[in-house]
Every structure is written in C-alpha cells, then in structure tokens.
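Peer 1: okay, structure incoming, though there's no sequence with it:
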C-alpha cells in the first residue's frame, strides 16, 4: 500500500487551491493510496526496454512558422473576465506571493 | 520595514568566500509568441496581442515556434553548450494571475542546451570561466500592475491589473553552475557575466537585449561560506535585478548582508529577495517553501523537439563572430593600445569607429574624432555617441578638409556643429560660414611681420635655434587672423622668414 498520509493530501489540496474538510482529507488519504497503487501496476508491466512516453502518438518536431496570425481585440479578450479596468483584467491583490 | 545589518565589503571578504549563481532570462525577438501566432510586440495597448492560446482558454492547443527553437539553439551554441538530440516541454504548475493557464510551459529535466561555458574578461584583463548548467526554452508571463496602496508594490495593494500581451513571449533561461573562486571580484564578475550574455544575444540578433524593457532579466544567487570550507552556505535569490549596475550592487549588498547574518550566529534564510534600486538594498520576499512545489510533468499537448546534428550544424554555420573574438581582432587591426581600446569600448564607440574606418578614415583619425569631439558632445547632449547624428562619411569628409589644409581643427569643430544643426555637408558649411583657412600667404606674411616686430626677443631666440619659442609667434598670428590661419603653414613661413631650418 502506497504511503499517502493526511498531511500529504492537505499539502496537495493547498497546492491545487482546493478547500477540503477534515473528513474529506481522511477519506482522500485512503482513496489516493489505492489510486497510486493502481497506477504503479503500470511500471510492473513495462520493463526497462520500454521507454517512458509523454505522448500517445510518436510525433516530433511539430512546428509553426514565425508568421503573425489572428489576435483578439481587448474587448474580446476581456469578454469573459469577471472584472476588468481600462483594458486589463482586474484581479484581487494576492499577498504572500510574487 | 526594518533595515538589515551589513558588514563592510572588505570585512565580509576577509571572513567569507562568496559563491554565485545566475539565472538570466532572455526574451527572444521573434515575430510571434512561443506557442501562439499572436505578435510579440512591446508597448502595445494592453490585451491586444493575445489570442485564445495566450489566454489559456479551454481546449486550445499550443504549437511551437520554429524560429524560437532555432534562436534557442543558437544561444546554446554561442554559450558553448551541447544541444540535446531530443528534448521536451514540461508544465510548471502554480497559481498566480500572471499566467491564465495556472501553469507555465517550460522545460524541466530535458533542456535544449546544457553543459556550456562562457569566458568572462574582467576590467584588468583577467579571464574567468563561468560554467553554464543549462539553457532552456519557456514562455514569459503576463504583466501585473498593483493598484492602490502607497508604493505600487504588492504589499498594501487593493487589486492588480493584468495585461497578457507579454504572456507567451519566447524566453530562454540561462542557468549557471555555482561560480566559485571569484572572491572580492564577485560583484564585478556578476556585472561582466550579465553584460556578456546580453552582448551575445544581441550579437546573435535573437533578442533586442534591452534591459530597461526587460528583454534581459537577471536573478542573482549569492551564498557565503567560511574560507576553506567546501560545502556551500545557504543562498538567497535576488530578483528584479534589471540593469548591469544593479547586478553588481545587488551581489555586493547580499554578500555584505549574508556576512552580517553569519557573524551574528544565525543561519541565512533561504529566500527570495527583492532588489530596490532607490535604496540599493534588498528586502525579504517569500521564504522558499512548498509554494515552490511546481509538480512539473511532461507537457502532453506538445511533442518532443529533435535537433538533428545536420540542423545544429546548419545553425552553427550562421553564427556571427563572437563579440570577444571580434574585439581582439579589431584591436589588432587598428593597432590601439589596451588602454586606448578599453576606453573606446567603454565609450560605446567601437562599432562607430569600425564603420568610420570602413568609410575610408585611418584608425587613428577615427579614434581622434569619436573619442574627442563626438564623445564630448554626446555627453553634453546626454545621448549615446552613435545616436548623436554623426555619420562615418561626415568624419571622412571633415578629415579630408583638415588634411587638405582647407580648415584647421578648431574650424572642423565648428563645421561639425553645423552638420549636427542640419546646415548641410561639411563642404557646404565651410562655404556658408566662411570658415576656410587663410591660405593666401599675403595676409599671413603681414601678420607674421607684425607678430615678429611685437616680440623681437622671441624672434631672436628662434634665430638662435630655440625652435620651441615659435609657439608664441604662431599664437600671435592665429590671434590676428582670428584662428583662420593654417598653423602648419604659419610655422613654415616664420621659419622661412627668419632663415631657420625647421
């Protein structure tokens, strides 16, 4: 059984900006451990001769020429913004980070 | 905000050995962004150089800019790096409004360039090798403006405004290995290193390299250890160090601050520090914590970049002569002494002199003009000498007029003034301002007679062979002709008149 404790879950929740209750943290610690174990079984199937893959299709060098394409107007860009001011997105001041 | 204690730099150096490290971000000057076809342009109206990819809208797919990859390979080659045969992009996850995607597309364990070095020449000619750990591709973040509060800093701000025009601009981040052994030259080395990187990317033509616009940005890592100890001390990372002078000052300040912390018996806190140009000090940012747990993973929306050896060699063949090699070659070609050449470089007129020589001037004439008259005028006007408006052709023409005896040096200065005022070509200005030297010997001989008569004792000295006394007579003639005489010709005529061999 993978060792995922309550503190690990609380840490992940904070990194992911997810608010979790005490019960949720307890329950998730158990569930995540099972999930990690399940994923781990993949490494049992793949031997050293199987390279790691990050993409399902073996493609490479998919490039775009450096030619300017379409853009939005500021109005379009901001059309879905919860709040805006003078052509810019307005967001709450976030302290403790930079 | 409390002020940190610092030791004097000398005392800090006596007790401790500094270790440096730099992360330099270079914005590429491609026409479009790293992963979207939106324009990469500085200074436009906010949020107009964006499309759905830059705004991180659901379901969009990034596509890599080929030119940005080529520029990155060129930077890697210029830094003497190996170029990875295969590399990938990775997601660096964090929540902050400067990225609408909640991750920055970067490279993690597979940078495009690695294991390089740069030889840095210090002001006295000492060469210091800085090892390059890696140079990787990534994208820039949007620009936040903190509103409200007193200082425009985030502390006390009421809200922030975000402009995503910069979001997705191609960046190459160059990371050094720990730099040991710089000793008390650490601040100077820091400045020289960043200057060298800036010069290289500018010379490659892959970045506009304007630090004041943030095209080249530096984070400086500093740690101290007692002399003789191998293990590194705890480091601080100073951000926002965005001028060459600031890099030097920030490293010096952090050395002094660390030394005071260590002397007090406390451990140095591993943290981000912010550089403040106004006070030339740093303040604490956030401590390194799990906020730095970026959970990198391979970017599933992008496929690997394979740099075939043929492609790399093709790009290598396009590299311009490295700036340091070019300087060596030019100095040898021009026959300037080390000191003369250093002055030329520091005055920022090396390129101008090269162009002037190409236009037909000799190396010494080009240097005389650029380092004398032009540098002086540029200083007064507070512009770069090359931006004063003097063309190489102007200098060549001015010099011809002087050498041909049409005007003297003093007049040449007035002619230059006329050129800068837009009065026309040097020849036209000589004409218009009536500046030609008096070359008709008649008036000169009259003036010489008068000067000799006025100073009979000087005339006697010259006759008896004390040729250095001739200056007094020449001066009298120049005065009488209001500077319009050719001093060389005046001298000849005086000697002739007195029957003395020159």
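Peer 2: Right, received. Where do you want to start? Keep in mind the model is a prediction, meaning the values are calculated, not measured.

Peer 1: all contacts plus neighbour counts: C-alpha atoms, from now on.
Peer 2: Fine.

Peer 1: contacts only, for residue A:50.
Peer 2: Listed by CA atoms under 8 Å, 6 or more residues apart in numbering or on different chains, residue A:50 has no contact partners.

Peer 1: ramachandran angles for it?
Peer 2: Backbone geometry at residue A:50, expressed as degrees, to the nearest 10, gives phi -100, psi 110.

Peer 1: residue A:51 now?
Peer 2: phi -70, psi 150.

Peer 1: and what of residue B:462?
Peer 2: Dihedral pair for residue B:462: phi -60, psi -40, per degrees, to the nearest 10.

Peer 1: you'd agree it is up against residue B:473?
Peer 2: No. Contact criterion CA atoms under 8 Å: residue B:462 and residue B:473 do not qualify, at 9.8 Å.

Peer 1: of the two, which one has the most company?
Peer 2: Shown here are residue B:462 and residue B:473; by other CA atoms under 10 Å in any protein chain shown, residue B:473 has more neighbours (25 against 20).

Peer 1: just want the phi and psi numbers for the more buried one.
Peer 2: Dihedral angles phi and psi of residue B:473 (degrees, to the nearest 10) take the values phi -70, psi -40.

Peer 1: check contacts around the residue nearest to it when sequence neighbours are not counted.
Peer 2: With sequence-adjacent residues excluded and distances taken as CA to CA, 6 or more residues apart in numbering or on different chains, residue B:473 is closest to residue B:451, at 5.8 Å. Applying CA under 8 Å, 6+ apart, one finds that residue B:451 lies in contact with B:473, B:476-477.

Peer 1: residue B:187 too?
Peer 2: For residue B:187, the contacting residues are B:247-252, by CA under 8 Å, 6+ apart.

Peer 1: so for it, what's the nearest residue that isn't a sequence neighbour?
Peer 2: Distances taken as CA to CA, 6+ apart put residue B:248 closest to residue B:187, at 4.6 Å, once the chain neighbours are dropped.

Peer 1: can you pull the buried residues of the stretch of helix or strand the one you found belongs to?
Peer 2: Using DSSP states H and E, residue B:248 sits within helix B:244-263. By neighbour count on 16 or more other CA atoms under 10 Å in any protein chain shown, the buried set for helix B:244-263 is B:244-262.

Peer 1: let me know the distance separating residue B:346 from residue B:359.
Peer 2: Residue B:346 sits 23 Å away from residue B:359, going by CA to CA, to the nearest Å.

Peer 1: compare the two (neighbour count), which wins?
Peer 2: Counted by other CA under 10 Å, residue B:346 and residue B:359 do not tie: residue B:359 has more neighbours, with 17 against 10.

Peer 1: the residue nearest to residue B:187 is in contact with residue B:194, isn't it?
Peer 2: No. Between residue B:248 and residue B:194 there is no contact under CA under 8 Å: 9.6 Å.

Peer 1: list the contacts of the helix or strand encompassing residue B:19.
Peer 2: For residue B:19, the host element (DSSP H and E) is strand B:16-27. The contact list for strand B:16-27 (CA under 8 Å, 6+ apart) reads B:140, B:169-183, B:186, B:194, B:201, B:207-209, B:214-227, B:232, B:255, B:259.

Peer 1: contacts only, for residue B:194.
Peer 2: So residue B:194 contacts B:24, B:218, B:244, B:247 (CA under 8 Å, 6+ apart).

Peer 1: try residue A:83
Peer 2: Going by CA under 8 Å, 6+ apart, residue A:83 touches A:89-91.

Peer 1: skipping adjacent residues, who's closest to residue A:26 in space?
Peer 2: residue A:6 is the one closest to residue A:26 (CA to CA, 6+ apart), at 6.0 Å.

Peer 1: nearest the geometric middle of the chain, what residue?
Peer 2: As the question left the chain open, I've gone with chain A. Centroid-nearest residue in chain A: residue A:16, 7.6 Å away (criterion: CA atoms, centre = their mean).

Peer 1: should've been chain B
Peer 2: By CA atoms, centre = their mean, the most central residue of chain B is residue B:195, 5.7 Å off.

Peer 1: can you classify it as helix, strand or coil?
Peer 2: With DSSP: H, G, I helix; E, B strand; the rest coil as the basis, residue B:195 sits in helix.

Peer 1: from residue B:395, how far out is it?
Peer 2: Taking CA to CA, one finds residue B:195 at 30 Å from residue B:395.

Peer 1: who does the residue in chain B positioned nearest to chain A form a beta bridge with?
Peer 2: Using CA to the nearest CA, the closest approach of chain B to chain A is made by residue B:159 at 4.2 Å. Here residue B:159 sits in beta bridges with residue A:92, residue B:147, going by DSSP bridges.

Peer 1: ok, it touching residue B:147?
Peer 2: Yes. Counting by CA under 8 Å, residue B:159 does reach residue B:147; the two are 5.5 Å apart.

Peer 1: can you tell me the element residue B:111 falls in?
Peer 2: Using DSSP H and E, no helix or strand contains residue B:111.

Peer 1: who are the neighbours in contact with it?
Peer 2: B:84, B:87-88, B:134-137.

Peer 1: quick one, what contacts the residue nearest to residue B:187?
Peer 2: By CA under 8 Å, 6+ apart, the neighbours of residue B:248 are B:187-191.

Peer 1: picking that back up, just the buried members of the contacts of strand B:16-27?
Peer 2: Burial by neighbour count, judged by 16+ other CA under 10 Å, picks out B:140, B:169-179, B:182, B:186, B:194, B:201, B:207-209, B:214-226, B:255, B:259 from those.

Peer 1: can you flag which of those belong to strands?
Peer 2: If you go by DSSP state E, the buried ones among the contacts of strand B:16-27 have B:170-176, B:216-226 in strands.

Peer 1: show the average pLDDT along the helix or strand where residue A:90 lies.
Peer 2: Using DSSP H and E, residue A:90 maps to strand A:88-92. Averaging pLDDT along strand A:88-92 yields 94.

Peer 1: contacts for it, please.
Peer 2: By CA under 8 Å, 6+ apart, the residues outside strand A:88-92 that reach it are A:74, A:78, A:81-84, B:46-47, B:97, B:158-163.

Peer 1: picking up where we left off before, next, the residue nearest to residue B:473: phi, psi?
Peer 2: phi -70, psi -40.

Peer 1: how much space between it and residue B:479?
Peer 2: Remark: distance between residue B:451 and residue B:479 (CA to CA) = 10 Å.
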